[in-house]
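Peer 1: missing the sequence, but the structure's below:
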């Protein structure tokens, strides 16, 4: 949340939980971004670590006029990993067209593998999504 | 506001940009229920207007190269509507 504030966006937490964790708002014009935060503990391997995340298939396929931005964070060595930001349509596209993640009982499990600053999921390079705040450009107040 | 969100996948966006370098595909287009129903009473099916805008293509010869376009409900996978350029010209 502090990252969004630093970029000049305001942050709100929904009073009622219907899937979104945070609403990120551009105050002066009302531009709204929906954000869902996913966290995981790390599994340590030689020279790398991984994190496992579950995402609801129903939510991922629910494309509305305001797309959800998923943020994935792994707790590793008492620190948070750099955030991976993926917009809903990209994540859905990876799942449906590039066989990223595995579906079990209505949830998709994504395994992210972190090696020397790079991230992979199901063999696809996700490094470009690290700290990808493209849809949250810095706002000067 | 309730309505319809039309979108194309990033894969299709990339495909369209590669095939038609002048195309500017949009992420999504939202149309309120009222707007859609009004349009369809006075003009005709909205989907025929939506896909050129969504694909960011305005050149007729480019659009004529497209085959059948399907509008699919992402939740159910059901095809809600189909459009083909040849049908529209009849």
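Peer 2: It's in. Fair warning: this is a prediction, and the values are worked out from it, not measured in the lab. Numbering: from 1, shown residues only, chains lettered A, B, ... in the order given.
Peer 1: Would you map the helices across chain A?
Peer 2: Secondary structure of chain A by DSSP state H: the helices cover A:2-6, A:57-61, A:88-97.
Peer 1: is chain B contacted by the longest one?
Peer 2: Yep, that's helix A:88-97 we're talking about. Yes: using CB under 8 Å from any CB of the partner chain, helix A:88-97 reaches chain B at A:89-90, A:92-93, A:96-97. Quick note: C-beta positions are derived from backbone N, CA and C, even for glycine.
Peer 1: And for that helix, what's in contact with it?
Peer 2: Residues outside helix A:88-97 that contact it (CB atoms under 8 Å, 6 or more residues apart in numbering or on different chains): A:55, A:60-61, A:63, A:67-70, A:86, A:100-101, A:103, A:108, A:121-122, A:124, B:7, B:9-11, B:27-28, B:74.
Peer 1: Make a ChimeraX selection of whichever of those residues turn out to be buried.
Peer 2: Here is the ChimeraX command that selects only those of those that count as buried (16 or more other CB atoms under 10 Å in any protein chain shown):
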select /A:55,60,61,63,67,68,69,70,86,100,101,108,121,122 /B:7,9,10,74
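Peer 1: and the residue nearest to residue B:67 when sequence neighbours are not counted, how many neighbours?
Peer 2: For residue B:67, ignoring the flanking residues on the chain, the nearest one in space by CB to CB, 6 or more residues apart in numbering or on different chains is residue B:84 at 7.0 Å. Neighbour count of residue B:84, defined by other CB atoms under 10 Å in any protein chain shown: 13.
Peer 1: In contact with the closest residue to residue A:115 other than its chain neighbours, which residues are there?
Peer 2: Of all residues not flanking residue A:115 in the chain, residue A:48 sits nearest, at 4.1 Å (CB to CB, 6+ apart). When contacts are counted by CB under 8 Å, 6+ apart, residue A:48 touches A:113-116.
Peer 1: if I look at residue A:48, how far off is residue A:77?
Peer 2: For residue A:48, the distance to residue A:77 (CB to CB, to the nearest Å) stands at 13 Å.
Peer 1: now swap in residue B:73 and tell me
Peer 2: Taking CB to CB, one finds residue B:73 at 44 Å from residue A:77.
Peer 1: So if I had to pick from those two, which one is more boxed in?
Peer 2: residue B:73 (11 against 8).
Peer 1: which bits of chain A sit near chain B?
Peer 2: Counting by CB under 8 Å from any CB, chain A sits next to chain B at A:58, A:61-65, A:67, A:89-90, A:92-93, A:96-97.
Peer 1: Now do the strands in the chain.
Peer 2: Since you didn't name a chain, this refers to chain A. Secondary structure of chain A (DSSP state E): strands at A:10-12, A:22-26, A:31-41, A:43-45, A:48-56, A:68-76, A:79-80, A:84-87, A:102-104, A:107-115, A:118-121, A:124-125.
Peer 1: I was thinking of chain B, sorry if that wasn't clear
Peer 2: Going by DSSP E, chain B shows strands at B:3-7, B:28-32, B:69-72, B:79-83.
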